[in-house]
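In: I would like the atomic coordinates for the input below:
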Amino acid sequence: MDILFVGKGGDCRPLLAAAIFNHLAPCHCKARRIACDRDEPPSPAALALLERQGIRPGPTTAETPSAAPRAGDVVVSLCSTHVDHPCPHHAGTPLHVRWAVQDPLRRHLFARRADGELLDVYHILRARIERLLPLLQPGSALDRAHLESELHRLGRFLP
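Out: Alright, predicted model coming up:
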């Protein structure tokens, strides 16, 4: 099962989420990230944060918007836009959830607070992913409906 973290191009949240997931996940699970629009270079601040945490970022480019989820994939939208805003990867996806988290680098383009908020976002995503991983273990007795329910619950979890 792959987890696809979706966000806008240049968004630090999918980069952080995919890197954290791949750092912590067992070998049978993998995370990818997809840009809803064009891909932009990753944030140097996000790359530096991952390096300080001892996490390799993986590919520095996101998959293109045309990269369709495969059957069995879980799509996690990290956009903080209004819930009615359609995610281009929602249609036809068997399991899609939204983990809305503010993008600190877009909110504070020139403010020093962005680094502190970036670390907050890192901790939120890491806590959610740490709670997600036991649900994905082989032999886990969760059916799709229960997994979806748990994923929605995790999308509201704050450490």
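In: gap between the closest residue to residue 95 other than its chain neighbours and residue 36?
Out: Nearest in space to residue 95, with sequence neighbours left out and distances taken as Cβ to Cβ, 6 or more residues apart in numbering, is residue 74 at 4.7 Å. Glycine gets a C-beta too; all of them are placed from N, C-alpha and C. The gap separating residue 74 from residue 36 is 17 Å, by Cβ to Cβ, to the nearest Å.
In: who's more crowded, the two?
Out: A direct count of neighbours by other Cβ atoms under 10 Å for residue 74 and residue 36 places residue 74 higher, at 24 against 21.
In: residue 116 versus the more buried one, what's the distance?
Out: In terms of Cβ to Cβ, residue 74 sits 30 Å off from residue 116.
In: now do the contacts for residue 53.
Out: residue 122 (Cβ atoms under 8 Å, 6 or more residues apart in numbering).
In: check what pLDDT it gets.
Out: On pLDDT, residue 53 comes in at 95.
In: how about residue 156?
Out: Among the per-residue scores, residue 156 holds a pLDDT of 91.
In: just checking, it is part of a helix?
Out: No. With DSSP: H, G, I helix; E, B strand; the rest coil as the criterion, residue 156 is assigned coil and is not in a helix.
In: contact partners for it?
Out: So residue 156 contacts nothing (Cβ under 8 Å, 6+ apart).
In: gap between it and residue 138?
Out: Computed with Cβ to Cβ, the distance linking residue 156 and residue 138 is 27 Å.
In: same thing with residue 103?
Out: Plainly put, residue 103 is 34 Å away from residue 138 if you go by Cβ to Cβ.
In: higher neighbour count, those two?
Out: More crowded of residue 103 and residue 138, by other Cβ under 10 Å: residue 103, with 22 against 7.
In: didn't the more buried one look like it was pressed against residue 13?
Out: Yes. Under the contact definition of Cβ atoms under 8 Å, residue 103 touches residue 13, with a separation of 6.0 Å.
In: list residues touching both of these two?
Out: When contacts are counted by Cβ under 8 Å, 6+ apart, residue 103 and residue 13 have 7, 121 as shared neighbours.
In: which helix in the protein has the most residues?
Out: When the chain is parsed with DSSP state H, its longest helix is helix 113-132.
In: what residues sit buried inside that one?
Out: Buried residues in helix 113-132, counted by 16 or more other Cβ atoms under 10 Å: 114, 117, 118, 121, 122, 124, 125, 126, 128, 129, 132.
In: next, give me the two most distant ones among these.
Out: 114 and 132 (26.1 Å; Cβ to Cβ).
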